[in-house]
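In: Need coordinates for the following:
(one chain, ligands or ions: 3)
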Amino acid sequence: MEAVCNGGGGVSSSKLAFLKLPDHTHNTHLPNGFTSFQVTEKKLSMGATNNSQPKIVTGEAGYVLEDVPHLSDYIPDLPTYTNPLQDNPAYSAVRQYFVNADDTVPQKVVVHATGPRGIHFRRAGPRQKVHFESDEVRACIVTCGGLCPGLNTVIREIVCGLNYMYGVNRVLGIDGGYRGFYSRNTISLTPKVVNDIHKRGGTVLGTSRGGHVTKKIVDSIQDRGINQVYIIGGDGTQKGASVIFEEIRKRGLKVAVVGVPKTIDNDIPVIDKSFGFDSTVEEAQRAINAAHVEATSVENGIGVVKLMGRNSGFIAMHATLASRDVDCCLIPESPFYLDGPGGLYEYIEKRLKEQGHMVIVTAEGAGQELLSQSLQSTDQQDASGNKLLQDVGLWISQSIKNHFAKEQKMAINLKYIDPTYMIRAIPSNASDNVYCTLLAQSAVHGAMAGYTGFTVGPVNGRHCYIPFHRINERQHKVVITDRMWARLLSSTNQPSFLTRDIIENAKKDKEEVVPRLLDENPINRKKVAC
Ligand SMILES: Nc1ncnc2c1ncn2[C@@H]1O[C@H](COP(=O)(O)OP(=O)(O)O)[C@@H](O)[C@H]1O
Ligand SMILES: O=P(O)(O)OC[C@H]1O[C@](O)(COP(=O)(O)O)[C@@H](O)[C@@H]1O
Ligand SMILES: [Mg+2]
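Out: Ligands and ions are numbered 1, 2, ... in the order given. Predicted coordinates for the structure are as follows:
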């Protein structure tokens, strides 16, 4: 799939050179109808601005580039160096190893002949010129939030990428998440130290929730002389990274802040999917197989499997689609009910009569509203402020058992499998390892080129630098009025549990979360001033 654009809207290739955007766009007048917007902030004495605003470049035919910050936005006269990769024997033979300064990637690849070209992100990759010298770099890596297959691979590849590609040999590992910046030890990471870590699950750096004290974290970054910060973590972590970036920018420090999105739940928007997701879906097959074997080995056997997915049911949906042994998949985005016509109990009875067994997969966040009606509702949160969930797997298993015992309709034989933490702790599979390598290398290239305040990730198959605000504005969720959920419903034959209200709400949600590019001026949407 070719999804990379150069500059202008539907222009001929001969015009492309003229339409080139600068590698990092400031409040610049651009050629031929391109306009760059960055709200003009009050300048601080050291040249820093007091608050960063979205950097938006617009062009012909509704072209919009949502650009990422650059150190030169607030540090005047930032020196430039030749990229050492140009003398690296592994890369110098590559026909065009460096990314074109004006390469951008469209967020939407399905377009209409007369529709605008829509939002684009800056393409990731090595730049001809960099803004750090190799021996100047002092990088650090931190991992935060829940575990996810692939964390160690990303750590390994950041360390190796910095060292092999840019000759950087000072990389610190921050121990135990954000709080490790100010309350724990650091470890020195070299290619030798990280050589084998991708074969292990978890994170060699340790992780934690809570403990994000921005001032203490940035003080520690400043005190240690760190100038590249690689922050690997989920939606909470990326919010934390954004705040750290703002503080660093406010202090006018030459420190690149780079987010690497980690989420086993795949709940981060914009990017195609998160690392570890494939490994997780694959590992979930083992639990589903076990549930299927148990269910088919007895009369009226029911296997219930709980998978992770706090607010987003992607793991359950994909594991169900992959398996074909699942008769019902429950996710947080699709409310369901138990009793009455069209309810879960009725469906279970029908399925058992038809085939004598069934498998139910539930995401951990499914049916929480039902649980809080029937169990005592708790509003407990974890250290990061995430709502602590009640065990839907246990609850639904018990509810099904009670229902069939009470009605004395049929004797059922139910087995509940909770493989959630076993799945989360595995090392990443081969395809996730390759993905993690690309993510890590893209992150390193971006920081070396002076970009900052961004999350790296694939958009339509191309790695991009995405501004934090785009990652943090919403959660990625299964849209139950989309084709993928319809595919699942047709593969399991389960009831949709959809009432007219739910369908209307789902449509409304979708309209709110996905910017309606066809009829909207993005400049108005972002409320940026020229
Ligand atoms: N809104 C926020 N602002 C600053 N830091 C945050 C925010 N939300 C979460 N964090 C921090 O990010 C880290 C990880 O967040 P958490 O929600 O536990 O996991 P994840 O990043 O995997 O979603 C924690 O240290 C938490 O304190
Ligand atoms: O690790 P904990 O605190 O038990 O939390 C479990 C949660 O962590 C996750 O595995 C990942 O969530 P995060 O990406 O927010 O860290 C969720 O699927 C699950 O709900
Ligand atoms: Mg999270």
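In: near ligand 2, which residues of the stretch 51-200 of the chain?
Out: Gly145, Gly146 (Cβ under 6 Å from any ligand atom). Every C-beta, even on glycine, is put in place using the N, C-alpha and C of the backbone.
In: Now Ile360: phi and psi?
Out: phi -120, psi 130 (degrees, to the nearest 10).
In: cool, the one 3 residues further on as well?
Out: Ala363 adopts backbone torsions of phi -70, psi 150, taken as degrees, to the nearest 10.
In: Let's see the pLDDT reported for the residue nearest to it when sequence neighbours are not counted.
Out: Distances taken as Cβ to Cβ, 6 or more residues apart in numbering put Gly309 closest to Ala363, at 3.4 Å, once the chain neighbours are dropped. For Gly309, the pLDDT comes out at 97.
In: and Val94, how many neighbours does it have?
Out: 11 (other Cβ atoms under 10 Å).
In: Would it be right to say that it lies in a helix?
Out: No. Using DSSP: H, G, I helix; E, B strand; the rest coil, the assignment for Val94 is coil, not a helix.
In: how near is it to ligand 1?
Out: According to Cβ to the nearest ligand atom, to the nearest Å, Val94 stands 35 Å off from ligand 1.
In: same question, Asp196
Out: With Cβ to the nearest ligand atom as the criterion, Asp196 and ligand 1 are 25 Å apart.
In: Report how many residues lie close to that residue.
Out: Asp196, neighbours per other Cβ under 10 Å, totals 11.
In: tell me the pLDDT at it?
Out: For Asp196, the model assigns a pLDDT of 97.
In: Ok, Gly118 next?
Out: 89.
In: repeat for Ile158
Out: What the model reports as pLDDT for Ile158 is 98.
In: So which residue is dead centre in the protein?
Out: For the chain, the residue sitting closest to the mean C-alpha position, by Cα atoms, centre = their mean, is Ile268 at 3.6 Å.
In: check contacts around the residue nearest to Ala363.
Out: Residues near Gly309 by Cβ atoms under 8 Å, 6 or more residues apart in numbering: Asp265, Ile315, Ala316, Ile331, Pro332, Ala363, Glu364, Gly365, Ala366.
In: in the sheet, who's paired with Leu414?
Out: Ile302 (DSSP bridges).
In: make that Ile231, sorry
Out: The partner residues for Ile231, given DSSP bridges, come to Val142, Gly259.
In: Touching, it and Pro261? I think so.
Out: No. Contact criterion Cβ atoms under 8 Å: Ile231 and Pro261 do not qualify, at 9.9 Å.
In: contacting residues around the residue nearest to the centre of the chain?
Out: Residues near Ile268 by Cβ under 8 Å, 6+ apart: Gly234, Asp235, Gln238, Pro261, Ser274, Thr455, Gly457, Ile471, Gln475, His476.
In: What of Asn185?
Out: Asp175 are the contacts of Asn185 under Cβ under 8 Å, 6+ apart.
In: For Glu282, grab phi and psi.
Out: phi -60, psi -50.
In: do the same with Ile466
Out: Residue torsions, per degrees, to the nearest 10, at Ile466 are phi -110, psi 130.
In: Please report how far it lies from Ala383.
Out: 27 Å (Cβ to Cβ, to the nearest Å).
In: returning to that earlier point: hang on, the residue nearest to Ala363 is in a helix, isn't it?
Out: No. Looking at Gly309 with three-state DSSP, it is coil, so not inside a helix.
In: For this structure, which element, helix or strand, carries the lowest mean pLDDT?
Out: Lowest on mean pLDDT, DSSP states H and E among the helices and strands of the chain sits helix 13-19, with a mean of 26.
In: Stretch 348-363 spans what distance, first to last residue?
Out: Across stretch 348-363, the terminal residues are separated by 18 Å (Cα to Cα, to the nearest Å).
In: Please apply the same query to stretch 133-148.
Out: Start-to-end, stretch 133-148 (Cα to Cα) is 33 Å.
In: and what of stretch 74-90?
Out: 34 Å.
In: Ile466 and Ala383 - which one has more neighbours?
Out: The residue with more neighbours, out of Ile466 and Ala383, is Ile466; 27 against 12, by other Cβ under 10 Å.
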